[in-house]
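S.K.: okay, here's the prediction I keep looking at, along with the sequence it came from:
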Amino acid sequence: MGLIGLIAKRERLQFHAGAEMARLAERLGPAAIKLAQAVSARRDLLPATFLEPLGRLQDNVRPITRKQARCILEAAYGQSISRIFRNLGDSPIASGSVAVVFRGTTAEGDDVAIKVVRPGVEASLRADLRCVRLVANVLARRRSFSSIPIVAIVDELAECVLRQCNMELEASAAIEIGQGSAAGVIIPKPRRELSSRHVLVMDFVESEAKFSDRSVEIRTFETCCIELLRAVYRMIFVLGVVHCDLHPGNVGIRSNGDIVLYDFGLVAIVSEGERRLFRELFIAVARRDVAGVAKCIIVSSVGRPPLFDEAGFNQEIGAIVQQRGGQRAGEFSVVNFVRELFEIQRRYKLVGTPGFAGAIWALLMFEGLVRERFPTLDFQAEALPFAISGFLQDHRRLI
């Protein structure tokens, strides 16, 4: 149905195909829903009428009932939730692939958002990931994959995905990103004393519009795009904790122009060494420094095949760097650059580290948010101040 929807010229058929894919993703479970969410954010690449029904999965997946939520909360607290909360909303305010969010009021009268992990979702994810690992084991025995640590890559991915089921880890990520965020980027503050592995309680922070809402005036939208991109670069180059789920359901805009980020379950951890290499990579691309780009990719890769053709690799990297490096705003596309880069890595059997892959995924998700309405946003120019600032920090530490 998805293929029919993509190639069909009739908008009605495209919409029907998208709706069927949304229903199928819900039946298949959280892994399929997460993939559909990522696809639904790419309005710059796929037909809007096909993606419109998929967009429902960003924050309106089939919810659990209020009764189920009460049972989970009472199991987490070991007592009646009436002693913890004055009230709990009758229906969810957001419903994702892994958890459902209700609005409530604490015993002290504070307005909070209560995020509850869906019953059985972790077991479902583990079952999906076991299937993926079985496929990885089969592929690992093939000669064409012999130099790629595909099982290790799948295991790293599985760990990242399963983190979403642990609200204690999400609370830690939200606090760390919140402490490093600039003014104008709002992170709801977790209430650690009321949270547990399956429940996350946060300050309730309302946003008047989704990031994808067309009612947002274009100049306000463009200003928010720049601030959000800077926030992403700050996560990648400075904090090392990167929000990797930037679909429209997780990014809001307030009436004063502030940005609100939600849902910190899917994050990438970028080590200090990976952050340094990422900074070098961005600066090298902007300067069209072929040797610098090739070095960053090779050093950041997980192993190197025994018969690695470094001269051929450098030559192919040089071709895309000369074409993409230093491109003016509106010309540079993260999707195209990454696709070409990954294709070269695949041919030369190089595999990037998980931190590198997570940072690139975050940029791809961000591009899906903004590219359609703000095609001239300059990704390279906005990255340079953060990359250079990181180098200065490294230099000061050495001194």
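M.R.: Here it is on my side, so go on.
S.K.: show me the strands in the chain, by range?
M.R.: 85-88, 94-95, 99-106, 111-117, 185-186, 199-203, 209-210, 241-243, 251-253, 259-261, 267-269 (DSSP state E).
S.K.: got JSON lines for those strands, with mean pLDDT too?
M.R.: Shown next, in JSON lines, are the strands of the chain (pLDDT from 0 to 100):
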{"stretch": "strand 85-88", "mean pLDDT": "91"}
{"stretch": "strand 94-95", "mean pLDDT": "86"}
{"stretch": "strand 99-106", "mean pLDDT": "93"}
{"stretch": "strand 111-117", "mean pLDDT": "95"}
{"stretch": "strand 185-186", "mean pLDDT": "94"}
{"stretch": "strand 199-203", "mean pLDDT": "96"}
{"stretch": "strand 209-210", "mean pLDDT": "88"}
{"stretch": "strand 241-243", "mean pLDDT": "92"}
{"stretch": "strand 251-253", "mean pLDDT": "94"}
{"stretch": "strand 259-261", "mean pLDDT": "95"}
{"stretch": "strand 267-269", "mean pLDDT": "87"}
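S.K.: and those: which comes nearest Arg133?
M.R.: strand 267-269 (20.0 Å; CB to CB). C-beta coordinates here come from the backbone N, C-alpha and C atoms, glycine included.
S.K.: remind me what that closest one packs against, helices and strands.
M.R.: Applying 3 or more CB pairs under 8 Å, 6 or more residues apart in numbering; DSSP states H and E, one finds that strand 267-269 makes contact with strand 241-243, helix 354-370.
S.K.: got CSV for the strands of the chain, with distance to Met235 too?
M.R.: Listed next are the strands of the chain as CSV, based on distance: least, CB to CB, whole Å:
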stretch, distance to Met235
strand 85-88, 32
strand 94-95, 22
strand 99-106, 22
strand 111-117, 21
strand 185-186, 10
strand 199-203, 19
strand 209-210, 21
strand 241-243, 4
strand 251-253, 13
strand 259-261, 10
strand 267-269, 9
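S.K.: for those strands, give me CSV that also has mean neighbour count and distance to Arg141.
M.R.: As requested, the strands of the chain are exported to CSV (neighbours: other CB atoms under 10 Å; distance: least, CB to CB, whole Å):
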stretch, mean neighbour count, distance to Arg141
strand 85-88, 16, 51
strand 94-95, 20, 41
strand 99-106, 21, 37
strand 111-117, 23, 36
strand 185-186, 18, 46
strand 199-203, 23, 41
strand 209-210, 18, 45
strand 241-243, 24, 33
strand 251-253, 23, 42
strand 259-261, 22, 42
strand 267-269, 21, 29
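S.K.: for stretch 36-49, buried residues please.
M.R.: Of the residues in stretch 36-49, 36-44, 46-47, 49 count as buried by neighbour count, 16 or more other CB atoms under 10 Å.
S.K.: and which of the residues you listed is nearest Ala76?
M.R.: Nearest to Ala76, judged by CB to CB, of those is Gln37 at 26.1 Å.
S.K.: need the worst-confidence member of the buried residues of stretch 36-49.
M.R.: Comparing pLDDT over those, Asp44 scores lowest. The value there is 63.
S.K.: that older thread, so which of the strands of the chain is nearest Glu280?
M.R.: Glu280 lies closest, by CB to CB, to one member of the strands of the chain: strand 241-243, at 17.5 Å.
S.K.: make TSV out of the helices and strands packed on strand 267-269 and add distance to Glu340.
M.R.: As requested, those are exported to TSV (distance: least, CB to CB, whole Å):
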stretch	distance to Glu340
strand 241-243	22
helix 354-370	13
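S.K.: which of the ones you listed sits closest to Arg304?
M.R.: For those, the distance to Arg304 is smallest for helix 354-370, at 15.0 Å, taking CB to CB.
S.K.: now the closest residue to Asp245 other than its chain neighbours. Its backbone dihedrals?
M.R.: Nearest in space to Asp245, with sequence neighbours left out and distances taken as CB to CB, 6 or more residues apart in numbering, is Leu266 at 4.1 Å. Listed backbone geometry of Leu266 is phi -100, psi 100, with angles given as degrees, to the nearest 10.
S.K.: return the residues in contact with the nearest residue to Ile81 once chain neighbours are set aside.
M.R.: When the adjacent residues along the chain are set aside, Ile81 lies closest to Leu73, with 4.7 Å between them (CB to CB, 6+ apart). For Leu73, the residues meeting the contact criterion (CB atoms under 8 Å, 6 or more residues apart in numbering) are 81, 84, 88, 114, 116, 199.
S.K.: okay, now the unreliable bits of the stretch 101-250 of the chain?
M.R.: Residue ranges of the stretch 101-250 of the chain with pLDDT under 70: 143-150, 152-153.
S.K.: Glu316: neighbouring residues, count only.
M.R.: Neighbourhood size, Glu316 [other CB atoms under 10 Å]: 18.
S.K.: tell me how many other residues crowd the nearest residue to it once chain neighbours are set aside.
M.R.: The shortest distance from Glu316 to any residue other than its chain neighbours is 4.9 Å, reached at Ile344 (CB to CB, 6+ apart). Applying the criterion other CB under 10 Å, we find 18 residues in the vicinity of Ile344.
S.K.: enumerate every residue touching the most centrally placed residue in the chain.
M.R.: In the chain, the centroid-proximal residue (CA atoms, centre = their mean) is Cys244; its distance is 1.9 Å. By CB under 8 Å, 6+ apart, the contact set of Cys244 is 160, 266-268, 358, 361-362, 365.
S.K.: roughly how far does it sit from Phe337?
M.R.: From Cys244 across to Phe337, the span is 18 Å (CB to CB, to the nearest Å).
S.K.: equivalent analysis for Arg10, please.
M.R.: Here the criterion is CB to CB. By it, Arg10 lies 33 Å from Phe337.
S.K.: these two: which is more packed in?
M.R.: Set side by side, Arg10 and Phe337 give different neighbour counts by other CB under 10 Å, the larger being at Phe337 (21 against 10).
S.K.: got phi/psi on Asp258?
M.R.: Dihedral angles of Asp258 (phi, psi; degrees, to the nearest 10) stand at phi -70, psi 150.
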